[in-house]
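[1] here's my sequence, what's the structure:
(3 chains)
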Amino acid sequence: MKNAPAVIYKKLLTAFGPQGWWPLYSVAKGRCVYPPLVYLPPDENGRFEICTGALLTQNTAWTNVEKALARLKAENMLSARRLAAAPEGEIAGLIRSSGYFMQKARKLKIFSRHLLQRHPEGIEKWFSGPLESVRAELLSVWGIGPETADSMLLYAGGRPTFVVDAYTRRLLSRLGFAEARAYDEARNLYMRLLPADYKIYNEYHALIVELGKRHCAKTPRCANCPLSAACPKEKI
DNA sequence: ACCCAGGTGTTTC
DNA sequence: GAAACACATGGG
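    Got it, this is the predicted structure:
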């Protein structure tokens, strides 16, 4: 198959429709339309909320993260200044539903402090620098790994960087790209074979997650697998 | 009572 | 470096 990642993208989009992840919104949710999404740039508060969500969703279901974000918002704590100043124990109590609350409270505080001290001009300015440089700086912050860094850059910054998760790697392996095992290998592969378009990267990652949730996690031998050519005999 | 979810850091071979 | 482990809640 030529450029399998691009072919799979179209198949997934046709099968599942636009997912409408932050900050993209479906023009017609549930339908396959092209271009599938419109982009509504977040304001600075929105950017911070997305970065917070990226940290809280580490190995955690998004529904649990939504509760934590709502709680932070209700207590007027969803800002870099408030989180940087608050005791970790207090933050932990608010984000309890997202799991790993002690670790994540610390991560939120460290990220907030880094933002205020090193980039007081804000996330938009910070994330608008050279992509790989900003990414490397994010990776140097405790609690931010490659997936979180790419999620922040893509979803909060609108930068074209591909987010790789566990499903993505299993999918690549299924497609025969055995060499792309490490995170950066997989990321480079997708970015080489797809246009550098944040809308595509955004939607693609969301579609892969949906594939994992809907199909692979629970139905290893689903007859309606959207990837018929590569339909898994086991979990992809 | 399991298993999984939009991972990361630390420890250990 | 690559495994193994800790971190923890909520839904199926």
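[2] please enumerate the helices of chain A.
    Ranges of helices in chain A, per DSSP state H, are A:4-16, A:44-56, A:62-74, A:80-85, A:88-94, A:101-118, A:123-127, A:131-140, A:146-151, A:166-174, A:183-193, A:198-211.
[3] dump these to JSON lines, plus distance to DNA strand B and mean neighbour count.
    From N, CA and C alone the C-beta is placed, and that goes for glycine too. Shown next, in JSON lines, are the helices of chain A (distance: least, CB to the nearest atom of the strand, whole Å; neighbours: other CB atoms under 10 Å):
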{"stretch": "helix A:4-16", "distance to DNA strand B": "13", "mean neighbour count": "18"}
{"stretch": "helix A:44-56", "distance to DNA strand B": "6", "mean neighbour count": "21"}
{"stretch": "helix A:62-74", "distance to DNA strand B": "4", "mean neighbour count": "17"}
{"stretch": "helix A:80-85", "distance to DNA strand B": "17", "mean neighbour count": "18"}
{"stretch": "helix A:88-94", "distance to DNA strand B": "14", "mean neighbour count": "17"}
{"stretch": "helix A:101-118", "distance to DNA strand B": "6", "mean neighbour count": "19"}
{"stretch": "helix A:123-127", "distance to DNA strand B": "15", "mean neighbour count": "18"}
{"stretch": "helix A:131-140", "distance to DNA strand B": "7", "mean neighbour count": "15"}
{"stretch": "helix A:146-151", "distance to DNA strand B": "3", "mean neighbour count": "22"}
{"stretch": "helix A:166-174", "distance to DNA strand B": "5", "mean neighbour count": "20"}
{"stretch": "helix A:183-193", "distance to DNA strand B": "7", "mean neighbour count": "16"}
{"stretch": "helix A:198-211", "distance to DNA strand B": "5", "mean neighbour count": "22"}
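[4] what's the closest of those helices to A:Pro35?
    helix A:198-211 (7.3 Å; CB to CB).
[5] gap between the spatially closest residue to A:Glu88 that is not a sequence neighbour and DNA strand C?
    Counting by CB to CB, 6 or more residues apart in numbering, the nearest residue to A:Glu88 once its immediate chain neighbours are dropped is A:Ala105, at 4.5 Å. Plainly put, A:Ala105 is 8 Å away from DNA strand C if you go by CB to the nearest atom of the strand, to the nearest Å.
[6] and the closest residue to DNA strand C within chain A, what does it touch?
    Taking CB to the nearest atom of the strand, DNA strand C has its nearest neighbour within chain A at A:Gly99, 2.7 Å off. Counting by CB atoms under 8 Å, 6 or more residues apart in numbering, A:Gly99 touches A:Asn59, A:Thr60, A:Asn64.
[7] rebuild the helices of chain A as JSON lines, extending it with mean pLDDT.
    As requested, these are exported to JSON lines (pLDDT from 0 to 100):
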{"stretch": "helix A:4-16", "mean pLDDT": "87"}
{"stretch": "helix A:44-56", "mean pLDDT": "97"}
{"stretch": "helix A:62-74", "mean pLDDT": "97"}
{"stretch": "helix A:80-85", "mean pLDDT": "98"}
{"stretch": "helix A:88-94", "mean pLDDT": "98"}
{"stretch": "helix A:101-118", "mean pLDDT": "98"}
{"stretch": "helix A:123-127", "mean pLDDT": "98"}
{"stretch": "helix A:131-140", "mean pLDDT": "98"}
{"stretch": "helix A:146-151", "mean pLDDT": "98"}
{"stretch": "helix A:166-174", "mean pLDDT": "81"}
{"stretch": "helix A:183-193", "mean pLDDT": "94"}
{"stretch": "helix A:198-211", "mean pLDDT": "92"}
